[in-house]
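Peer 1: quick check, what structure comes out for this input:
(3 chains)
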Amino acid sequence: MLLDLILLAPFAAALVGGLLYLYDPQARREKIYSIIALTPVLLGAVLSLVIGWSFIFGETTHIESTLFEWLHVGDLRIALTLSVDRLSMVMLFFVTFVGALIHIYSAGYMSGDSGYGKFFAYLNLFMASMLLLILADNPVIMFIGWELVGLCSYLLIGFYYREEAAIPAANKAFIVNRIGDFVFIMGVALLFVTVGVNGFGFTAIEASITKIDTAMLSLIGLLLFVGAMGKSAQIPLYVWLPDAMAGPTPVSALIHAATMVTAGVYMVARFDFLYSRIPGVGEFIAVIGIASALLAAVIASYQSDIKKILAYSTVSQLGYMFAAVGVGAYSAGLFHVFTHAFFKALLFLGAGAIIIALSHEQNIFRMGGLRKDSRLLYYTMLIATFSIAGIPPFAGFFSKDAILVSLLSTGHYTLWSLATFGVFLTSYYMFRLFFAVFHARSYGFRVLKPLPLTMTVPLVVLAVGTATLGLLGVGGTFGNFLGLADIHAEADHTIEYLLAIFNLFVVAAGAGLAYRLFAQEAEPPNEESRVRRLLVHKFYIDEIYGYVFVKPLYFIASFTGNLIDHKVLGRMILLGVEGYRRAGEGFGKLQNGRVRFYTLYMLVGISYISYYLLSILGGI
Amino acid sequence: MIGLSHYLIISGILFAIGLVGVLRRKNLLMLFFATEIMLNAANVAFAAVSNYYHDLTGQMFAFFIIAVAASEVAVGLGLLIVLYKKFGTLDLDDLASMKG
Amino acid sequence: MVEYLYFVISLLSVLGGASLLLLLTHREGDDLYRLNHISVLFLVVALFAALMQWNLGTRGYLLEGLFGKVLYIDDFALLFDTMFITGTIMTLLINTEYFANRRYFNGEYFALILFSLFGMMLLAHSHELVTAFIALEIASLSVYALVGYHKNNLVSIEAMMKYFTLGSIGGILFLLGSVIIFAATGSTELGAIAQYTHKGSADLTPVIIGATFIMIAVMFKIGAVPFHAWVLDVYEGAPFPVTMFMASTFKIAIFAIALRLYIVDFVPMHGTWTHLLELMAALTMLGGSWLAITQKSLKRMLAGSSIVHSGYMLIAITSIGLGSNIAASAIIFYLIAYFVSSVGAFGILSFISATSRKELTYDDFKGFSERRPYMAAMMAVFMLSLAGFPSTIGFLGKFYIFTAAIESGEFFLAGLGIAMAFVSVYYYFKLIAMIYFYPNKEPQKELVFNSSTLLIILLAAVVVLGGMGSGLIPYMPSADGFIDIATAAVGALGTPLR
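Peer 2: The predicted structure follows:
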């Protein structure tokens, strides 16, 4: 079965590669590792194209395959069933495709690293887990994938474990994700309690969703969304994503931009039948999304680390997606997930290439004038920047436009205007990055390291994708294909065109501002005014979290650790242990070896029991 | 007229004598006597109850119990001889090497 | 008539084997290997006969034309038969070397073991109180003799003396209870007693008194506090194979009749016993763990811990009385779990002591992991299981018992049980610490593959497999399988008698 192969091949590759690595971690076998890692991923991409072909040109709407029954406890019957419908087909397509390209890119990027084999084992495991998440037929299996991608993310963020920032970043990502996951599993459990009896597949839940009353449904929806907040880095659980950039750049591209972080959006779209019944929660999701989009965009405008900027832009773009699915425009949100995967992967891979070429320089204000040094990087990054800013005919324009139209046509005018302001900011910070890196005055003489073919080919392929795939969305082709429970609010086509033109002006304004400020003389943001300091320091969110959550926890921990645990409980436990031992010795004294005493104990027992019987039976 | 209760009282007295014997006697042989008395107390009760119900099974049981008691004595006397050979005494309080 | 013989093949095989062994011995210098194999042969026949009838829904009186309604056969009895026979086979095969290295063993030893097994099987099948008493005495008298088998060893004789003295009192209490019940109900047949007690109109007071005496006898046999004092001394004094036989097989034998009585006949009396059982369960767990933590000898430690395990079973018995649905199968499952783990633990101990003369203490296990790495790993598995560590069968056993306790509202007992499980970690893990964290002074020994080691490995596999979910290996019961077995055995009891 195709699906089993798509899922199991990367798992097997992770296992084989991991074992090979463990067998001799010192051995340098990059070729073998990359062959092991790339084969299943490329195979997956080809197979997903085959499946996609049968979906688009054939009659197929649904493929299903049960691997085995995973759990069977009482009413709970969970089979490891994989299924593909149109929604997961889209996800499957871009995850395997972008994943394959990033794997190829990694083969060049990671070359020379001592943990080459380990890296690919993790990356393959991630691919497998992500596919499990996408292909899962029921929320429990989905949750397993959900947890596994979190684990892989943790492992890969901490990949450079010798660097100071990596381990705290990995821990932060893991802990913040765990908060979300915990709430998520509560939602799943609640869902199971309410409708799980009639089967727990997505279709079965959809069939019996009407049995849940709205209040309960809202609660479930909220709980599930909190899980998505963690995974997809939305306010207030977004803080881990910028730090996650401590991992290798291909990881940032694959996990923290293109695929894993969109899992939250996918989950909401997967539960479209649930969320379309609770528009109130949807509004909340949209508000959180737009707030995240704006906040992240503002912070991104004042950063100077190229990966951090891209990370905040990811948070911001995810915010757009949530805004779309929140108001019920699921296919618009998914379309943005789709296009975002391409242009954000391209941005990250380009950034990775720049970083490698400049010997691990990440500050955009130390780059400058790269245009002359590398035409290839210049044009690919230009396409990506055009796309994310929203300039036609590049992919981002169509998807972002669809989101804005859906916000306006459903009557969310405030959200729409805020989103439009976000478009301006996006354009500003992206062109700021672009001009600072490629146009601004060069920082003197330097020699760029040559980029291997494995890194440049994926860039070109992604650039082509970014340039063309947006056309899929023209005339709602993409949305019609998905067939999700979209809200029906048709806007007038004239308004749509006017809106597109208006957006273009907004984008141009942002780009123009960036050009004026950064194209010639790129200055890093100064911290002169209080407001700017606030912005440069990302609103001090990390510090606030530190003070509000972490510090008190540390205090409680050290308080209990030093005082209560050590002085009070420790002493008490010691006393308890000692007392227990004494009691044992005392009791042992009764065991004096004389059989007549043993008889006496028995007689005491018999006497007590007789007395007890008498009192029960009413003698005394 | 001697009824069931008289027999049962006799049986109870016998049982009590046996129990006291088990507790008080330090000599293993005496202790065996005491347990035999207790077994026979049960025998008396079985026979009496059997008579009361006009049902012979109880008296049959008494025979079985006598057989069991005999085999118990067989094992017990064997033990007694070994003990006397090894320790030279049958005093129970002297046999307390394992304790604690 | 003849067709009924099919059902008694296992009983007959054991009895015939015992008698044959009695005839074959009487000579100095018996070929112990040969006698061992002969007895195992009879046991295997018996085991197959018992397994063939398992789960066929067989239910009825055995040889009714001959004995009347005295013997009964159902899945419950068959499960106990299987456990007894398996335990005996394990005892005989694991200790092959032990026998060969001791001069005092001869053919009678095997005959006695088989007679004891016959008594226990008879106990499992008995459906009448005096028969149960006689069966119990057959089993006990053989075990008394086995405990004192090393007749030149003072400790062994002392242990036999203690066990014999106290054990005969226990037997007499059982008999006394039977007499009182006989007087009250006019019958000693369990079916008739059940009819009497369930009638509703009858005065239950005398029955309660009689049943309580029987209960005391049961408490004595399982070593519940305050009837526990014999356990440590007897376990210590007996030769290792006998301790193994007692701790694993003989200890659970009494449950065969006790559960039958308690679940079927004494149901109306459950209420009167609740507080008593609660108290005794708590005392037993506490007392057992007190005795276990101070020991240096492993035999005494395991004896103390076996008292604690009796305490856990008493929790389950209390829960049955309070109407818990799963408590009955929980206790059977726990019996299986305890059986497997303790056979394994004692098996390793007696396997090791086969070639050395000393009594095993904690200190003797220092550096054991380097001397015998495989045995050490398996010992650790058995200790983990006895302590109730997850992914072993012991954990599931405790889990079911505590679940049953909570289901029936016994929060205090469940809490105390969990606390005692934590305490038990101390004395079990002390051994694991000795095994793994101390340097080795003696040379490493090869793992010899013979019947003893293979059986120990098999037991360790069952312990681990029994702690895991579904059946991985066909025909090898895992957790699900054992739960099914326990439920089936209890199900055979629960249905009303015809």
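
Peer 1: tally of neighbours for residue A:306?
Peer 2: Other residues near residue A:306 come to 26 when the count uses other C-beta atoms under 10 Å in any protein chain shown. Every residue, glycine included, has its C-beta placed from N, CA and C.

Peer 1: next one: residue B:33
Peer 2: The criterion is other C-beta under 10 Å. On that basis, residue B:33 has 16 neighbouring residues.

Peer 1: ok, residue C:65 next?
Peer 2: Residue neighbour count, defined by other C-beta under 10 Å, stands at 8 for residue C:65.

Peer 1: same thing with residue B:6?
Peer 2: One way to gauge burial is a neighbour count; for residue B:6, by other C-beta under 10 Å, it gives 11.

Peer 1: correct me if wrong: residue A:437 contacts residue A:366.
Peer 2: No: under the criterion of C-beta atoms under 8 Å, residue A:437 lies out of contact with residue A:366, with a separation of 9.8 Å.

Peer 1: looking at these two, which is more packed in?
Peer 2: Applying other C-beta under 10 Å to residue A:437 and residue A:366 shows that residue A:437 carries more neighbours, namely 27 against 14.

Peer 1: show the pLDDT at the nearest residue to the more buried one once chain neighbours are set aside.
Peer 2: The shortest distance from residue A:437 to any residue that is not its chain neighbour, by C-beta to C-beta, 6 or more residues apart in numbering or on different chains, is 4.6 Å, and that residue is residue A:367. Confidence per residue is given as pLDDT, and for residue A:367 that number is 78.

Peer 1: residues in contact with residue A:367?
Peer 2: Applying C-beta atoms under 8 Å, 6 or more residues apart in numbering or on different chains, we find residue A:367 in contact with A:306, A:354, A:358, A:361, A:436-438, A:440, A:443.

Peer 1: in ChimeraX, how would I select the buried members of those?
Peer 2: Only the buried members of these enter the following ChimeraX selection, criterion being 16 or more other C-beta atoms under 10 Å in any protein chain shown:
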select /A:306,354,358,436,437,438,440
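
Peer 1: and stretch C:91-98, what's its mean pLDDT?
Peer 2: 88.

Peer 1: quick check: end-to-end length of it?
Peer 2: Stretch C:91-98 has an end-to-end distance of 11 Å (C-alpha to C-alpha, to the nearest Å).

Peer 1: mind checking what secondary structure residue C:55 has?
Peer 2: Here residue C:55 is recorded as coil under DSSP: H, G, I helix; E, B strand; the rest coil.

Peer 1: my guess is it contacts residue C:75, does it?
Peer 2: Yes: the pair residue C:55 and residue C:75 passes the contact test of C-beta under 8 Å, sitting 6.2 Å apart.

Peer 1: neighbour-wise, which of these two wins?
Peer 2: Summary of the neighbour comparison: residue C:55 and residue C:75, criterion other C-beta under 10 Å, with residue C:75 having more neighbours (21 against 14).

Peer 1: what's the neighbour count on the closest residue to that one other than its chain neighbours?
Peer 2: Of all residues beyond its chain neighbours, the one nearest residue C:75 is residue C:492 (3.9 Å), with distances taken as C-beta to C-beta, 6+ apart. Residues contacting residue C:492 under the criterion other C-beta under 10 Å number 19.

Peer 1: cool, residue A:281 as well?
Peer 2: Residue A:281 has 22 nearby residues by other C-beta under 10 Å.

Peer 1: in which helix or strand would I find it?
Peer 2: Element membership of residue A:281, judged by DSSP states H and E, is helix A:279-300.

Peer 1: what comes up buried for that helix?
Peer 2: Of the residues in helix A:279-300, those buried by neighbour count under the rule 16+ other C-beta under 10 Å are A:279, A:281-300.

Peer 1: who are the packing partners of it?
Peer 2: Counting by 3 or more C-beta pairs under 8 Å, 6 or more residues apart in numbering or on different chains; DSSP states H and E, the packing neighbours recorded for helix A:279-300 are helix A:214-231, helix A:272-275, helix A:306-326, helix A:413-438.

Peer 1: ok and it relative to helix A:214-231, angle-wise?
Peer 2: An angle of 20 degrees separates the directions of helix A:279-300 and helix A:214-231 when computed by axes from the mean of the first three to the mean of the last three C-alpha atoms, to 10 degrees.

Peer 1: who's in contact with stretch A:495-513?
Peer 2: Contact partners of stretch A:495-513, identified using C-beta under 8 Å, 6+ apart, comprise A:389-392, A:397, A:400-401, A:404-405, A:408, A:420, A:423-428, A:431.

Peer 1: now the buried members of those residues.
Peer 2: With burial judged by 16+ other C-beta under 10 Å, the buried subset of the contacts of stretch A:495-513 is A:389-392, A:397, A:400-401, A:404-405, A:408, A:420, A:423-428, A:431.

Peer 1: give the burial count for the nearest residue to residue A:248 once chain neighbours are set aside, as a bare number.
Peer 2: Of all residues beyond its chain neighbours, the one nearest residue A:248 is residue A:159 (5.8 Å), with distances taken as C-beta to C-beta, 6+ apart. By other C-beta under 10 Å, 21 other residues sit near residue A:159.

Peer 1: so for residue C:474, what's the pLDDT?
Peer 2: On the pLDDT scale, residue C:474 is placed at 58.

Peer 1: phi first, then psi, for the residue nearest to residue C:75.
Peer 2: Backbone torsions of residue C:492, given as degrees, to the nearest 10, read phi -60, psi -30.

Peer 1: show me what contacts it?
Peer 2: When contacts are counted by C-beta under 8 Å, 6+ apart, residue C:492 is found next to C:59, C:74-76.
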